[in-house]
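Trainee: Sharing a model prediction with you, sequence too.
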Amino acid sequence: MPLPAAPPVATQMQRRPRRLWALAPILTTVLAVPASVLLLIMFGLSAMAFDSCEPPTETTCPAATAAIERAVEFALLTLLPLILVWVWPRSARFNTVRWIMAAAYVAVVMTAVMMFVNIPAGR
């Protein structure tokens, strides 16, 4: 009686499934730590925009107040791509969407930093 044919040898790729879906979320999370520190420092320094105002209220420095509010709202918007990159379905066909979310995170953080940098001083 002849022996049965041996099953085909699995390649390295077939034995270990690729986990590329986790690369974009991990990279985004690693970038989130220094970006959060940078945004927190920028938020702390934004109070200097009110130095030239006599009583620092909304009526004495409306431009600085509005700019700080917009910058803080945009800084909070950075959480959206960070969360979406993790909760998106874990499938190979969504890898492109995950990388787009990672790029969007970097763009939103850079825009928030530039908004903090361009806060008008005083009146």
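Mentor: Ah, there it is.
Trainee: where are the low-confidence patches of this structure?
Mentor: In the predicted model of the chain, residues 1, 6-20, 56-59, 122-123 satisfy pLDDT under 70.
Trainee: Let's check: the centremost residue of it is which one?
Mentor: Centroid check for the chain by C-alpha atoms, centre = their mean gives Y105 as the closest residue, at 3.2 Å.
Trainee: which residues sit in contact with that one?
Mentor: For Y105, the contact set (C-beta atoms under 8 Å, 6 or more residues apart in numbering) comprises 28, 31-32, 78, 81-82, 85. For every residue, glycine as well, the C-beta is placed using N, CA and C.
Trainee: So what touches stretch 76-84?
Mentor: The contact list for stretch 76-84, computed with C-beta under 8 Å, 6+ apart, reads 28-29, 32, 35, 39, 101-102, 104-105, 108-109, 112.
Trainee: please redo it, this time with the cut-off set to 7 Å
Mentor: Contacts to stretch 76-84, defined as C-beta atoms under 7 Å, 6 or more residues apart in numbering, come from residues 28, 32, 101, 104-105, 108-109, 112.
Trainee: Now do the buried residues in that stretch.
Mentor: 78, 81-82, 84 (16 or more other C-beta atoms under 10 Å).
Trainee: which among these gets closest to A121?
Mentor: T78 (24.4 Å; C-beta to C-beta).
Trainee: Give me the distance between that closest one and A49.
Mentor: Going from T78 to A49 by C-beta to C-beta, to the nearest Å gives 21 Å.
Trainee: Helices of the protein, start to end?
Mentor: For the chain, the helices defined by DSSP state H occupy 12-15, 23-45, 62-77, 79-87, 95-117.
Trainee: now the ones you listed as a markdown table including distance to A5?
Mentor: Below are these laid out as a markdown table (distance: least, C-beta to C-beta, whole Å):
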| stretch | distance to A5 |
| --- | --- |
| helix 12-15 | 18 |
| helix 23-45 | 38 |
| helix 62-77 | 59 |
| helix 79-87 | 45 |
| helix 95-117 | 36 |
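Trainee: Closest to A71 out of the contacts of stretch 76-84?
Mentor: The closest of those to A71 turns out to be A112 (C-beta to C-beta; 6.4 Å).
Trainee: Let me know whether that closest one touches A75 as I believe.
Mentor: Yes. Counting by C-beta atoms under 7 Å, A75 is a contact partner of A112 at 4.4 Å.
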